[in-house]
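Q: Provide a 3D model corresponding to the input given below.
(2 chains)
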There are 2 protein chains.
Amino acid sequence: MTADFQSWASHCQASIENFLDSRLPSVDCVPVRLHQAMRYAVLGGGKRVRPLLAFAAGELGQADVASVTVVAAAVELIHAYSLVHDDMPCMDNDVLRRGKPTCHVEFDEATALLTGDSLQTLAFELVAEKQLTEDAKTQLSMIRQLANASGSRGMAGGQAFDLDNVGKTLALPELEFMHIHKTGALIRAAVMLGAHCSNRLNDEQLNQLDHFAKCVGLAFQVVDDLLDAEATTATLGKTAGKDAENNKPTYVSIMGVREARERAEKLQQDADRILREFGDAALRLRQVTDFIIKREF
Amino acid sequence: MTADFQSWASHCQASIENFLDSRLPSVDCVPVRLHQAMRYAVLGGGKRVRPLLAFAAGELGQADVASVTVVAAAVELIHAYSLVHDDMPCMDNDVLRRGKPTCHVEFDEATALLTGDSLQTLAFELVAEKQLTEDAKTQLSMIRQLANASGSRGMAGGQAFDLDNVGKTLALPELEFMHIHKTGALIRAAVMLGAHCSNRLNDEQLNQLDHFAKCVGLAFQVVDDLLDAEATTATLGKTAGKDAENNKPTYVSIMGVREARERAEKLQQDADRILREFGDAALRLRQVTDFIIKREF
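A: The predicted model follows:
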């Protein structure tokens, strides 16, 4: 990890934090408790992996940074809403997230439910902001992409598939189907929405980026499974070992630690090969990919 | 209620049902259980009050019916998602809705949570469909309106305000604040999105319609409170008398049945006065208003 990347990432993280802070409703605004919970669930935590991907993809196409900030924030809000709902007792029943009590523990279940709902709404409100792209039709297509990535044929569908299969033995293709939806779809949306803020990328380049994003999305999940299996709760900032405890199928449970690591490396090589075609413009995407795949292990 | 209105309303209800049926994911599509639950929560029930308002507002401006159908469906999906989440044990804990077991009873809580989430997403996906209006920028502003009406400063915020005040004594202004958000905002969105599908209405007319929609939204809630206080579970198709049982503030608990009825009539008169300015073009809006305010009592 170069010092240069770290300072770029810190800058992006600060930008997204400031932007989210400015767009989340104030705690002076009724209903106060809901707005407190929304801010609690979003601000002051997380590596902001999806925003970093959006910023890096935006840089590839020299997109307007203000536009990329908006779409990066929208993707992060969808991610944050999904964490709040996934942590609830009827789902994963988790009490710790990013080193803090989960939203329903800190507030209450009803507030957590409405918090997730409202964060999702705010995400779509943001992407419909005026003039993110020169052509308003492109912006409409970005909204459809975000919706596709988030809904029952994307992230929420992956979560449902996951719940349907707790305690069952999954083959690798089914596991990948789940991850392509549960985490992959939103990571892909982060890259593609960032890229679409530029009008310098042609269809072939956008397709290549989409393929890159699929590889990164899967690699991200393999690494997540490895971290959950290996890390301690303190390092992870969320309850570790939950997957094994809940008898959830993971890359580690299906292929073991060594093969899972090899799989992550293979996906990274595929991603790198695509980025090489873009030359130096893909520097940030290359660095973010390293950051995602080499975190903490 | 004229026969003419009944046949128009039946036609609209059938259109919206068909459209929703065609756009909700098939139960052949993985994750099957989630898609079953989404269809269960949306299809085959409800008076479709919000779609009727959207269709009537669309007729006022001679809007393209196909476009109005899309926005009407989107508003109905937001409404349906809110019912699924509001019925959950951590919120109103209701077991009966439209004469059927609620979604979490028929399926399970995790599925109900994801069902509401996915219905909200689908709503935004629909309003971002290609070419609902001549100008794509108008369509972006419609998406922002729908988001505003749905989020923490709209419907979800009203629900949070409601939960914060269970068991407390509310004054009338606070009760109205709650209803303006909890149900009013989405009713207003239904009217305004239907109207924005037309390009024949000027800003002054749109403002008048917005004011009309506020009156109808409040009247709708007063009538809902009256129905809950007076009707039996069988007539209502959902558990009756829940508000009093839960010690929730309502128009009836604050002003009594007679005054609440007078309030509903006053709001209807205000709404009628606005519609009169539009002449015969407002026929459907007038009829839908009657339908909303005079239902079942």
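Q: ok, now how distant is the most centrally placed residue in chain A from chain B?
A: When chain A is reduced to its mean C-alpha position, the nearest residue by Cα atoms, centre = their mean turns out to be A:Arg50, at 4.3 Å. For A:Arg50, the distance to chain B (Cβ to the nearest Cβ, to the nearest Å) stands at 17 Å. From N, CA and C alone the C-beta is placed, and that goes for glycine too.
Q: do the same with A:Thr133
A: Distance of A:Thr133 to chain B, given as Cβ to the nearest Cβ: 10 Å.
Q: same check, this time on A:Val95
A: Remark: distance between A:Val95 and chain B (Cβ to the nearest Cβ) = 16 Å.
Q: pretty sure A:Ala156 contacts B:Leu119?
A: No: at 9.8 Å, A:Ala156 does not count as touching B:Leu119 under the criterion of Cβ atoms under 8 Å.
Q: between these two, which has more neighbouring residues?
A: More crowded of A:Ala156 and B:Leu119, by other Cβ atoms under 10 Å in any protein chain shown: A:Ala156, with 34 against 28.
Q: could you say what helices and strands the strand or helix carrying the more buried one packs with?
A: Element membership of A:Ala156, judged by DSSP states H and E, is helix A:155-164. Secondary structure elements in contact with helix A:155-164, counted by 3 or more Cβ pairs under 8 Å, 6 or more residues apart in numbering or on different chains; DSSP states H and E, are helix A:65-86, helix A:172-179, helix A:185-196, helix B:32-42, helix B:109-127.
Q: which element is encountered next along the chain beyond the third one?
A: Past helix A:185-196, further along toward the C-terminus, the next helix or strand under DSSP H and E is helix A:203-230.
Q: residue contacts, the residue nearest to the centre of chain A?
A: For A:Arg50, the contacting residues are A:72, A:75-76, A:79, A:186-187, A:190, by Cβ atoms under 8 Å, 6 or more residues apart in numbering or on different chains.
Q: that one and B:Ser152, how far apart?
A: In this structure, A:Arg50 and B:Ser152 are 22 Å apart, going by Cβ to Cβ, to the nearest Å.
Q: for A:Val105, same thing?
A: Using Cβ to Cβ, we find A:Val105 at a distance of 20 Å from B:Ser152.
Q: which one's more surrounded, those two?
A: More neighbours sit around B:Ser152 than around the other of A:Val105 and B:Ser152, counting by other Cβ under 10 Å; the figures are 28 against 17.
Q: ok, the spatially closest residue to that one that is not a sequence neighbour - contacts?
A: Leaving out its chain neighbours, the residue that sits closest to B:Ser152 by Cβ to Cβ, 6 or more residues apart in numbering or on different chains is A:Ser118, at 3.9 Å. If a contact means Cβ under 8 Å, 6+ apart, then A:Ser118 has A:34, A:38, B:151-152, B:156-157 as its contacts.
Q: what of A:Glu59?
A: Listed by Cβ under 8 Å, 6+ apart, the contact partners of A:Glu59 are A:281, A:283-285.
Q: among those residues, who's most crowded?
A: Taking other Cβ under 10 Å as the neighbour criterion, A:Leu285 ranks highest of the contacts of A:Glu59 with 28 neighbours.
Q: so that one, which state does it fall into?
A: Following DSSP: H, G, I helix; E, B strand; the rest coil, the label given to A:Leu285 is helix.
Q: wait, isn't it in contact with A:Ala54?
A: No: the pair formed by A:Leu285 and A:Ala54 falls short of the contact definition of Cβ under 8 Å, at 10.5 Å.
Q: the bottom helix or strand of chain A by mean pLDDT?
A: Among the secondary structure pieces of chain A, namely its helices and strands, helix A:233-236 has the lowest mean (mean pLDDT, DSSP states H and E), a mean of 56.
Q: from A:Thr69, how far off is A:Leu186?
A: For A:Leu186, the distance to A:Thr69 equals 17 Å [Cβ to Cβ].
Q: would you list the helices and strands packed on helix A:155-164 in TSV and tack on mean pLDDT and distance to A:Phe212?
A: Written out in TSV, the entries for the helices and strands packed on helix A:155-164 read as follows (pLDDT from 0 to 100; distance: least, Cβ to Cβ, whole Å):
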stretch	mean pLDDT	distance to A:Phe212
helix A:65-86	98	16
helix A:172-179	93	16
helix A:185-196	98	7
helix B:32-42	98	29
helix B:109-127	98	24
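Q: tabulate the ones you listed in CSV, adding columns for distance to B:Ile16.
A: As requested, these are exported to CSV (distance: least, Cβ to Cβ, whole Å):
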stretch, distance to B:Ile16
helix A:65-86, 27
helix A:172-179, 33
helix A:185-196, 28
helix B:32-42, 10
helix B:109-127, 12
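Q: for B:Ala271, find the nearest of the ones you listed.
A: For the helices and strands packed on helix A:155-164, proximity to B:Ala271 was assessed by Cβ to Cβ; helix B:109-127 is nearest, at 25.4 Å.
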